[in-house]
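S.K.: sequence unknown, structure follows:
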């Protein structure tokens, strides 16, 4: 009987949290999500990245592993169908494609310029300060049962017009992210096996270009 009562209490609390989240305005949901994310020091997740766009509207699906540590540290390790690595140590960003033996090095944007989706994940930028929020229909490919929060940047962005966050209504954990560019291209990430505050080591975000690869400095971000 005690086990049944405990289970019923868990279900009730979960449903109450779900109702409370769904009753919030978009601005209140963005504020709650920002507060939730402010408590996360680091996290890891598996991801599936799907891009739809181009003249022929082709679709590309890639898979990999993501590590994030605030402030500004990221490691996007693509494993299939092509190996790619994007690493930020908080100051410098590296984009490396082993098959091309090519590394692009650029500076991490300042906080004032950091409204990109990836940098929000890494603790840069602010949902309530940098975006206008609204609720929208869940984009195709995003996890069922999640809420879709559309965010339009207050300052025009070169890489996207707006983005959508797919959020677990009970825990406010991020389950997916979609960006839409001016040409109608859609780039979507879904996250699984997400683990928060796991104590990631700084060495995971250190990158040294392998010997013999071409290193190019991207001055467009300076």
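M.R.: The structure has been received and is ready for your questions. Treat the numbers as computed from the prediction; the structure is a model and nothing was measured.
S.K.: drop to CA atoms for contacts and neighbour counts, all remaining ones
M.R.: OK.
S.K.: Which parts of the chain are strands?
M.R.: All strands of the chain, identified by DSSP state E, fall at 42-53, 58-69, 73-80, 84-89, 92-97, 102-107, 131-135, 147-153, 162-167, 174-180, 186-196, 214-217.
S.K.: Just the angle for the second one relative to strand 186-196, thanks.
M.R.: Strand 58-69 and strand 186-196 are oriented at 30 degrees to each other (axes from the mean of the first three to the mean of the last three Cα atoms, to 10 degrees).
S.K.: now strand 58-69, how far from the chain's geometric center?
M.R.: Remark: strand 58-69 is offset 10 Å from the chain centroid, using Cα atoms, centre = their mean, to the nearest Å.
S.K.: May I see the buried residues of it?
M.R.: By neighbour count on 16 or more other Cα atoms under 10 Å, the buried set for strand 58-69 is 62, 63, 64, 65, 66, 67, 68, 69.
S.K.: Tell me the bridge partners for the second one.
M.R.: This means residue 63. residue 48, residue 80 (DSSP bridges).
S.K.: And it, how close does it get to residue 160?
M.R.: Distance check for residue 63 against residue 160: by Cα to Cα, to the nearest Å, it reads 21 Å.
S.K.: In contact with residue 30, which residues?
M.R.: 127, 128, 133, 149 (Cα atoms under 8 Å, 6 or more residues apart in numbering).
S.K.: any idea how far the nearest residue to residue 96 once chain neighbours are set aside lies from residue 63?
M.R.: Nearest residue to residue 96 in three dimensions, chain neighbours excluded: residue 103, at 4.5 Å (Cα to Cα, 6 or more residues apart in numbering). Using Cα to Cα, one obtains 20 Å as the distance from residue 103 to residue 63.
S.K.: just checking, residue 193 touches residue 48?
M.R.: No - Residue 193 is beyond contact range of residue 48, at 11.6 Å (criterion: Cα atoms under 8 Å).
S.K.: which of the two has more neighbours?
M.R.: residue 48 (17 against 11; other Cα atoms under 10 Å).
S.K.: if I look at the more buried one, how far off is residue 64?
M.R.: 7 Å.
S.K.: same check, this time on residue 189
M.R.: In this view, residue 189 and residue 64 are 10 Å apart by Cα to Cα.
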